[in-house]
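Q: no sequence on this one, just coordinates:
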Ligand code: MN
Ligand code: MN
């Protein structure tokens with residue numbers, strides 16, 4: 001009988017086979033992540049993975065039955081993958097896993113293109129919580145869609161192929177930065193200065209703004225667009241490049257957008273492997289980084305419509321289904337960083353390599369605006385994890401008076417569904433390149449599977 005609780009380092013207890021499985025799983029994740037830099041990319045990649053496994057598109061009103069494998073795409077930016085189980089959905093509810101697939105980035109403004117001093121730039125308005133000083137002098141890719149007059153949609157994706165050009169936001173040389181470096185980190189780089197260079201060859205036929213004219217000609221040749229079409233586009237700069245292993249032992253992965261694709265991917269792999277008894281739903285939500293509003297965010301009523309339609313088609317009362325359902329709000333947490341130890345409370349922090357982390361509550365200043373899962377709900381998930389032998393840990397975001405954060409948990413709990421936050425610990429969260437451990441990623445997959453398969 002063990003009386004004390006201590007965290008377990010995954011690699012200390014994992015055998016060679018287990019470690020090999022974790023590293024193998026990480027390769028699938030890296031591929032997923034590279035093609036999922038935005039919510040649109042993640043949804044398209046999820047559709048591909050679903051179709052490879054025989055999942056079929058679902059539309060409201062469709063008749064469903066046990067054994068059906070379905071997905072519903074909401075405006076290309078939000079997806080619900082559903083596996084209808086053999087258990088009575090009215091009695092057993094659904095197992096819901098909700099992650100978000102949007103990540104902090106630099107969106108283009110509606111009128112982004114301008115020329116100054118022989119250089120053409122695109123102006124941005126950042127999306128989500130960023131530290132602005134991290135975005136100059138890194139390689140950026142441009143990705144998204146342009147809707148042309150009449151509705152034709154053109155996809156743009158430049159900078160991730162190694163033969164592509166990249167885009168670049170300048171910073172001041174140290175020799176002339178005496179005034180800049182005196183400023184605070186939040187003031188030194190302003191939002192309005194995050195303009196990326198996109199061209200420097202002037203069009204010889206233009207007297208003024210020849211570089212801008214030349215860029216417009218290139219865009220027209222490649223995408224059939226003119227300047228006004230920026231106004232009907234969703235284009236953004238994201239960090240260029242592929243996920244890379246970190247460290248001599250290759251146990252960590254550095255990449256853009258772990259938050260929250262590192263939880264979205266395990267949701268999907270767990271759903272695919274789940275035993276088919278309970279009805280399981282994996283959600284990739286949009287707009288979490290800006291408050292979960294909008295038609296593709298977790299506050300949209302689309303989730304209610306799906307649960308209502310599926311329940312009714314199976315002959316169950318939707319209210320009862322929600323009341324008996326359980327949800328893991330699968331989102332990352334902050335990993336303890338020894339370089340910044342003072343913002344964490346060490347006894348309640350999550351550590352890299354100790355498995356996915358269960359977070360009973362979020363919020364700030366006295367748990368303000370938190371879901372705060374019940375002891376019973378935490379206990380249910382704990383039993384699932386321990387029965388399946390999952391290496392996991394329990395933590396909170398950081399020291400009480402330092403700050404705080406939120407996830408989609410409360411929006412799902414507010415629908416009358418028991419919800420618990422859990423996810424993978426991340427170092428340098430919201431930085432252009434974040435870090436996670438392959439151990440914690442694999443633990444997340446196993447945890448989600450254990451949750452789906454607990455009866
Ligand atoms: Mn997140
Ligand atoms: Mn985030």
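A: Structure received. Just so it is clear, the model here is predicted, and its values are computed rather than measured. Ligands and ions are numbered 1, 2, ... in the order given.

Q: for the nearest residue to residue 83 once chain neighbours are set aside, grab the count of nearby residues.
A: What sits nearest to residue 83 in space, not counting adjacent residues and going by CB to CB, 6 or more residues apart in numbering, is residue 280, at 4.8 Å. Using the backbone N, CA and C atoms, a C-beta is placed for each residue, glycine as well. Neighbour count for residue 280, taken as other CB atoms under 10 Å: 25.

Q: where do the helices sit along the stretch 1-150 of the chain?
A: 10-13, 16-34, 39-52, 89-92 (DSSP state H, counting those that start in this stretch).

Q: ok, now the stretch 201-350 of the chain?
A: 210-223, 258-273, 302-313, 318-324.

Q: which of the ones you listed sits most buried?
A: helix 258-273 (a mean of 26; mean count of other CB atoms under 10 Å).

Q: that one versus helix 16-34: what angle between them?
A: In terms of direction (axes from the mean of the first three to the mean of the last three CA atoms, to 10 degrees), helix 258-273 departs from helix 16-34 by 120 degrees.

Q: quick check: mean pLDDT across helix 258-273?
A: For helix 258-273, mean pLDDT rounds to 98.

Q: and that helix, how far out from the chain middle?
A: 10 Å (CA atoms, centre = their mean, to the nearest Å).

Q: next one: stretch 243-262
A: On CA atoms, centre = their mean, the centre of stretch 243-262 falls 14 Å from the chain's centre.

Q: tell me which helix or strand residue 154 sits in.
A: strand 153-158 (DSSP states H and E).

Q: now for whatever helix or strand comes next after that strand, which elements pack on it?
A: Moving toward the C-terminus from strand 153-158, the next helix or strand (DSSP H and E) is helix 178-182. Using 3 or more CB pairs under 8 Å, 6 or more residues apart in numbering; DSSP states H and E, no helix or strand is in contact with helix 178-182.

Q: who's in contact with helix 178-182?
A: 172, 174, 188 (CB atoms under 8 Å, 6 or more residues apart in numbering).

Q: by neighbour count, which of those wins?
A: That'd be residue 188 among the contacts of helix 178-182, by other CB under 10 Å, with 17 neighbours.

Q: how about it, what does it touch?
A: 133, 180-181.

Q: which among those gets closest to ligand 1?
A: residue 133 (21.3 Å; CB to the ion).

Q: against residue 148, how distant is residue 224?
A: 6 Å (CB to CB, to the nearest Å).

Q: overlap in contacts, these two.
A: residue 154.

Q: which residues does the residue of the stretch 301-450 of the chain found nearest ligand 1 contact?
A: Closest to ligand 1 within the stretch 301-450 of the chain is residue 331: 4.2 Å, counting by CB to the ion. Applying CB under 8 Å, 6+ apart, we find residue 331 in contact with 99-100, 259-260, 263, 288, 407-409, 421, 423.

Q: could you redo the last one with a cut-off of 6 Å?
A: Residues in contact with residue 331, defined by CB atoms under 6 Å, 6 or more residues apart in numbering, are 260, 263, 407, 423.

Q: among those, which pair sits farthest apart?
A: 263 and 407 (9.8 Å; CB to CB).

Q: mind putting the helices of the stretch 201-350 of the chain in TSV, distance to ligand 1 included?
A: Converted to TSV, the helices of the stretch 201-350 of the chain look like this (distance: least, CB to the ion, whole Å):
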stretch	distance to ligand 1
helix 210-223	32
helix 258-273	4
helix 302-313	17
helix 318-324	24
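
Q: and this protein, which residues reach ligand 1?
A: Applying CB under 5 Å from the ion, we find that the chain lies next to ligand 1 at 259-260, 331.

Q: so for residue 224 and residue 148, which sits in the more crowded spot?
A: Neighbours were counted for residue 224 and for residue 148 using other CB under 10 Å; residue 148 has more, 16 against 13.

Q: if I look at residue 253, how far off is residue 281?
A: 27 Å.

Q: domain-wise, how is this structure divided?
A: Domains of the chain are assigned by automatic domain parsing as 10-103+256-453, 105-239.

Q: which of those domains is buried the deepest?
A: domain 10-103+256-453 (a mean of 20).

Q: just put the helices of the stretch 201-350 of the chain in TSV and tack on distance to residue 93.
A: Formatted as TSV, the helices of the stretch 201-350 of the chain follow (distance: least, CB to CB, whole Å):
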stretch	distance to residue 93
helix 210-223	46
helix 258-273	16
helix 302-313	10
helix 318-324	3
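
Q: on that earlier part again, go through the contacts of residue 331 and name the one nearest residue 377.
A: So of the contacts of residue 331, ranked by how close each gets to residue 377 (CB to CB), first place is residue 407, at 14.8 Å.

Q: leaving out the residues flanking it, which one is nearest to that closest one?
A: In space, residue 407 is closest to residue 331, 4.2 Å off (CB to CB, 6+ apart).

Q: let me know the pLDDT of the one you found.
A: 98.

Q: next one: the one 5 residues further on
A: On the pLDDT scale, residue 336 is placed at 98.

Q: for it, give me the backbone phi and psi.
A: Dihedral angles of residue 336 (phi, psi; degrees, to the nearest 10) stand at phi -60, psi 130.

Q: could you measure from the most centrally placed residue in the chain over to residue 401?
A: Nearest residue to the geometric centre of the chain (CA atoms, centre = their mean): residue 260, 2.6 Å. Look at residue 260 and residue 401: by CB to CB, they are 26 Å apart.
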